[in-house]
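Participant: What follows is a predicted structure for the sequence shown.
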Amino acid sequence: MKRFAVTAALVVSTVLVIAQPASASWQQQSTPTPSGSNPTWSLSAVSCTGTATCMAVGNVDSSLLSESRSGNTWTIVSIPDPGAGQLPGIWCTSSSSCEAVGQFDSGGTTETLAEEWNGSSWSVQSTPNPAGVTSSQLNDVSCVSASRCEAVGEATISGGNIETLAEEWNGSNWAIKNTQDVGGAIISKLSGVSCTSATVCEAVGESRTGSNFPALAEVWNGSNWTIQSASLGTFSPLEGVSCTAANGCTATGSGLAARWDGSNWTMQAIAKPGGSTGSVDLSRVSCTDKTRCMAVGSFPKDAVETAIAEQWDGTSWKIKPTPITSANDSSGLSDVSCTFATACTGAGFYHDPNGPNHALAEDWSLRWQLQAPLIPFDNPLASSLDAVSCPSTAFCAAVGGEEPTGGVFDALAEIFKGQAWLITSTPNASNSNLDAVSCTGAKACTAVGDVDTGGGTLSTLAERWDGTNWTVQSTPSPAGAVHSFLTAVSCPSAKSCIAVGFFTNGSGNQTPFAEHWNGTNWTIKTTPSPPVDPATQLNSVSCMSSTSCEAVGTSTTQTWAEVWNGTNWAMQSIPSPAGGSDVRLRGVSCTASNACTGVGAYFNGAKLVPLAERWNGSAWAVQAAAVPSGSSSQFSSVSCGTTQFNIGCNAVGSVTKNGIILPLAENWNGSAWAVKPTQSPDPNVTRSNMTSVSCSSLITCMGIGFYDTSTGVEAPLGEQYS
């Protein structure tokens, strides 16, 4: 809710540093149904080469199945089946190079199977089988390049004993490699393998001596497999392993996880889910570093197999919910592949209560999730939050306004302390509004807007948060101003802020201006503006220091940018997208004096589409923002951060679909903009909009705005990206 047609947007002005991964979440993805009459299908293994680029294998009825993932879309890929094939292991080194291994039925005998993906088709490879065995199979594979893979499994010899099996791919042929078996054991088998180089691999499995099933671990040195000591208990079968270094591996299995530090295997306690009636089976694990692993599998709940995922955060294993939106009465995850701590894909099955098994694909990633602000206690006719600032993951401040009675507007301020929003009291007079806020810490925020000073005259307003209270600061208004408004603020330090806005003169024309806070006083700073225009204003500002700021603004005919050097403001020109008209920038965020991103919208024909532009220190250039489906869409605000290698930004706004306005969010990963799904606060919502975003790291952001409830009341909207 805004009293005036101004476009306020908050920008975090400090350089943002990548933090520990935030609490991403699992979400089921739709998979295509194979052809046939009521087929039974599931996925047994998956490997990803990008955050949303994966290949999975499994079975449909009695034949092999392969599906590829691109973004959020899974597509069935044809794969040959030599007969009753099973592929429990897959590894991709690129989107055009994968190896999958398993077994097939050759005239009643189980034999090893390997298939290769070349980017366009799967083909069966010739694999050897140990001499004199009655059956042999490969259970897992790991590749360090397209021409170097290690696969492990098992072979059954005459008499029924099971021995370990390993094969190596050299780019031309598969060859059997010597492995060791546990002395005196009737079973020695390898179920999982992970390689960090052509000469360093770890394989895990189990052995059996009498009634004991202890863990089996073997290491590959480029020539031979040798047994490692793994004293993990008399029942400790291991099924999957993931290594990020020669001295850093995590293995999981039936009821346990274990860690290899280069010298010893040590047990890790896994989490036990509520309602479990038996042991958790973690069949596969994928690690991105020594403090981040994701393991998947299943556990019995009321004697029904149920999918589970657990994450290792460097200290403990924690269960991460794996929601399945499809109707099901049992489920399981057989494999997981992570390319980043907040980007994993899980694959498995769920059982339709009225049909057969279906393939299950789950995506682990950062998401926008509702974090509802409070509606003021006086139940106003309308209330909204217009701007937000998050100096840390544990604190945000948001400001806006409410309409307690018709035609009366009061400022609204809320703070977020990591778990919930709280309303704070503001001291300003009635008929006031706060349009922007900037925080340098949980006890240092500055908010700006406007207030009715009597007789309908609207003047600038600034308030300061000290961690306990908001207090009004004295702000000047430009000479000749009838009304004056501050629409944006950026504070590079606790004692330095730049606020921008506009004022109207006696003729009703709008002129931009800026004010500077030096820790003691606010003073007006003259800003240049385009030729005389009846509606010129500055919409947003981002400061790296007291002598380096970027501001963006609009008039009735154009958009422009201005730069502050500590003494003067100077205008910059903004290019228009090809074929674009009515270009508008409403938000800006800078990570350096030569690195800023501005966002807004423009018309492409009759359609309003999002706009993103990048400042490199010399010129502004248009970026290709993603255009979501819908009749119109636009950005309102942006927040950017840096890592050692690139820049990331999150922008928010709105998109209109079928006449309904919904929140829009997009992420810039350093090379492209991509739409990120948002949540609706009300299933019957007709209008909702995120007006501001602030990120305390590249993976933790808060977006705020407003929405119309199903009863027609405007209420604050909050969504957290984590």
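Facilitator: Perfect, thanks for sending it. Since we're looking at a predicted model, the values are computed, not measured.

Participant: going forward, measure contacts and count neighbours with C-alpha atoms only.
Facilitator: Fine.

Participant: Any regions of the stretch 301-450 of the chain where pLDDT drops low?
Facilitator: Scanning the stretch 301-450 of the chain with the threshold set as pLDDT under 70 gives 429.

Participant: ranges for the strands of it?
Facilitator: Taking DSSP state E, counting those that start in this stretch to define them, one finds strands in the stretch 301-450 of the chain at 304-312, 317-319, 330-340, 343-351, 357-365, 368-370, 382-392, 395-405, 408-416, 421-424, 432-441, 444-452.

Participant: From the chain's centre, how far out is the fifth one? Work that out for me.
Facilitator: Just to be clear, that refers to strand 357-365. Computed by Cα atoms, centre = their mean, to the nearest Å, the chain-centroid distance of strand 357-365 equals 17 Å.

Participant: What of stretch 121-131?
Facilitator: 39 Å.

Participant: pLDDT value on residue 679, please?
Facilitator: You'll see residue 679 listed with a pLDDT of 88.

Participant: what's around it, how many residues?
Facilitator: Residues lying near residue 679 (other Cα atoms under 10 Å) number 15.

Participant: how close does it get to residue 344?
Facilitator: 21 Å (Cα to Cα, to the nearest Å).

Participant: What of residue 57?
Facilitator: Look at residue 57 and residue 344: by Cα to Cα, they are 16 Å apart.

Participant: Which residues does residue 515 form beta bridges with?
Facilitator: With DSSP bridges as the criterion, residue 515 is bridged to residue 499, residue 524.

Participant: hang on, it packs against residue 496?
Facilitator: No - contact criterion Cα atoms under 8 Å: residue 515 and residue 496 do not qualify, at 10.7 Å.

Participant: right, and the helix or strand after the helix or strand that contains residue 583?
Facilitator: Using DSSP states H and E, residue 583 sits within strand 580-592. On the C-terminal side of strand 580-592, the closest following helix or strand by DSSP H and E is strand 595-604.

Participant: looking at this structure, which residue lies furthest from center?
Facilitator: Most distant residue from the mean C-alpha position of the chain: residue 159, 52.3 Å away (Cα atoms, centre = their mean).

Participant: Could you look up the SS state of that residue?
Facilitator: With DSSP: H, G, I helix; E, B strand; the rest coil as the basis, the three-state label of residue 159 is coil.

Participant: Tell me what angle the strand holding residue 583 forms with strand 595-604.
Facilitator: Interaxial angle, strand 580-592 versus strand 595-604 (axes from the mean of the first three to the mean of the last three Cα atoms, to 10 degrees): 170 degrees.

Participant: Could you tell me which residues make contact with residue 432?
Facilitator: Each residue near residue 432 by Cα atoms under 8 Å, 6 or more residues apart in numbering is listed here: 401, 409, 410, 411, 449, 450, 451, 452.

Participant: Hmm, residue 51 is touching residue 339, no?
Facilitator: Yes - if you go by Cα under 8 Å, residue 51 and residue 339 touch, sitting 5.9 Å apart.

Participant: ok so, going back, who's more crowded, residue 515 and residue 496?
Facilitator: residue 515 (23 against 19).

Participant: Spit out the contact partners of the more buried one.
Facilitator: Residue 515 neighbours (Cα under 8 Å, 6+ apart): 498, 499, 500, 522, 523, 524, 525.

Participant: repeat that with 6 Å
Facilitator: Applying Cα atoms under 6 Å, 6 or more residues apart in numbering, we find residue 515 in contact with 498, 499, 523, 524, 525.

Participant: For those residues, which single residue is the most surrounded?
Facilitator: Top of the contacts of residue 515 by neighbour number is residue 499, holding 32 neighbours under the definition other Cα under 10 Å.

Participant: Any idea which residue is closest to the centre of the protein?
Facilitator: For the chain, residue 366 is the residue whose C-alpha lies nearest the centre (Cα atoms, centre = their mean; 2.4 Å).

Participant: and the residue nearest to that residue when sequence neighbours are not counted, how many neighbours does it have?
Facilitator: Residue nearest to residue 366 in three dimensions, not counting chain neighbours: residue 24, with 4.4 Å by Cα to Cα, 6 or more residues apart in numbering. By other Cα under 10 Å, the residues close to residue 24 number 21.

Participant: ditto for residue 404
Facilitator: Per other Cα under 10 Å, the neighbour tally for residue 404 reads 17.

Participant: could you list every residue that touches the closest residue to residue 364 other than its chain neighbours?
Facilitator: Nearest non-adjacent residue to residue 364, counting by Cα to Cα, 6+ apart: residue 26, 4.3 Å away. Contact analysis of residue 26 by Cα under 6 Å, 6+ apart lists 322, 363, 364.

Participant: What does the pLDDT read for residue 26?
Facilitator: 94.

Participant: and if you look at the one 10 residues further on?
Facilitator: Reading off the confidence values, residue 36 has pLDDT 88.

Participant: try residue 495
Facilitator: 93.

Participant: Please determine how far it is located from residue 548.
Facilitator: Applying Cα to Cα, the value for residue 495 to residue 548 is 15 Å.

Participant: try residue 185
Facilitator: Distance from residue 185 to residue 548, by Cα to Cα: 72 Å.

Participant: likewise residue 354?
Facilitator: 64 Å.

Participant: Looking at the two, which is more packed in?
Facilitator: Legend: neighbour count by other Cα under 10 Å for residue 354 and residue 548, higher for residue 548 (18 against 9).

Participant: Residue 31: which element?
Facilitator: Assigned by DSSP H and E, residue 31 belongs to neither a helix nor a strand.

Participant: Which of the three states applies to the nearest residue to it once chain neighbours are set aside?
Facilitator: Excluding the flanking residues, the one nearest residue 31 by Cα to Cα, 6+ apart is residue 74, at 5.5 Å. At residue 74 the chain is in strand, as set by three-state DSSP.

Participant: And the contacts of stretch 484-491?
Facilitator: Stretch 484-491 has contacts (Cα under 6 Å, 6+ apart) with 8, 435-436, 438, 448-450, 459-460, 497-503, 540, 542-543.

Participant: Report the mean confidence score over that stretch.
Facilitator: 97.
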